[in-house]
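Undergrad: quick one, fold the following:
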Amino acid sequence: MSESTQFIGEVLHEQLELMVGQKKKFLTRFKGYQKTETQIAALSSIPGIAEVRACIIAAVVLSPKRFPNKHKFWAYSCLVKHDSRSGGVSYGKKNVPGNRILKSVFMGAAKTVLAGDGEFRKLYDTFREEGVDHAAATKNVARKIAAIALASMRKGTHYKENYEINRKPKIVEINLKHSAARI
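TA: Next up, the predicted model:
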C-alpha cells in the first residue's frame with residue numbers, strides 16, 4: 001500500500017469517527033426533545049417513526065392546524081397525485097406541489113414497518129390480497145401513517161395499537177379534483 005493511499009484511508013477513518021460521534025450527539029438531543037415537546041413525543045409513538053423522523057416531521061409541519069383534513073396533508077406530503085379531468089376525460093396524473101422531505105419520511109416509515117409483523121404489515125397484506133401492487137400498497141401504508149401522524153400532532157396523543165388500523169380498507173374519493181386513492 002502506498003503512503004498516499006494509507007494517508008487518505010486514515011483521514012477518511014478519522015472523518016467517519018467524527019461523524020459517528022456527531023450522530024450520537026444529535027440522537028441525544030432528539031431524545032431530549034421527545035421529553036419536552038408533546039408533538040415529537042406523540043409522533044415517536046407511531047411505529048416506523050422514531051426520534052429523528054419525528055423531529056423532521058415536527059420541523060416541517062410546524063402547525064398541524066393549517067391542514068383542514070388528512071387529504072390536504074397527503075397532498076402537501078406528495079403522497080397523492082392530481083388527476084387532470086375535463087368533461088369526464090382524464091388527461092393524466094400530475095404531482096401536487098408539496099414537500100418531498102415529508103414524502104421521504106413517510107415512505108421510509110412505511111418501509112420500516114413493512115419489515116416487521118405489526119398492524120401496518122397486516123394492513124399492507126390486506127391490500128396485497130385485494131390485488132393492489134407493492135408500490136401502491138406501500139404508499140397506502142405511508143398515507144395511513146401520515147394520517148395518524150397528523151391526528152397525533154393535532155391532539156398531542158400517543159399512538160394506540162389496534163385502535164384504527166383494524167378497519168377494513170375502503171376506497172374513498174380525495175377532495176383534490178376527482179383523484180381516487182385507497183386508505
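Undergrad: please make it C-alpha for all contacts and neighbour counts, starting now.
TA: Fine.
Undergrad: strands of this protein, residue ranges please.
TA: 81-86, 89-95, 171-174, 179-182 (DSSP state E).
Undergrad: chain center to the second one: distance?
TA: Meaning strand 89-95. Distance, stretch centre to chain centre, for strand 89-95: 24 Å (Cα atoms, centre = their mean, to the nearest Å).
Undergrad: and it, what does it pack against?
TA: When contacts are defined as 3 or more Cα pairs under 8 Å, 6 or more residues apart in numbering; DSSP states H and E, strand 89-95 packs onto strand 81-86.
Undergrad: and the strand it packs on, which residues are buried?
TA: Lys81, His82, Asp83, Ser84 (16 or more other Cα atoms under 10 Å).
Undergrad: looking at this structure, which helix is longest?
TA: The single longest helix within the chain, with elements called by DSSP state H, is helix 3-36.
Undergrad: got a list of what the residue nearest to the spatial centre of the chain touches?
TA: Most central in the chain under Cα atoms, centre = their mean is Phe106, positioned 1.1 Å from the mean C-alpha point. Counting by Cα atoms under 8 Å, 6 or more residues apart in numbering, Phe106 touches Ala142, Arg143, Ile145, Ala146.
Undergrad: quick one: pLDDT of it?
TA: pLDDT recorded at Phe106 is 97.
Undergrad: sorry, back to before: most widely separated two among the buried residues of strand 81-86?
TA: Largest separation among the buried residues of strand 81-86 by Cα to Cα: Lys81 and Ser84, giving 9.4 Å.
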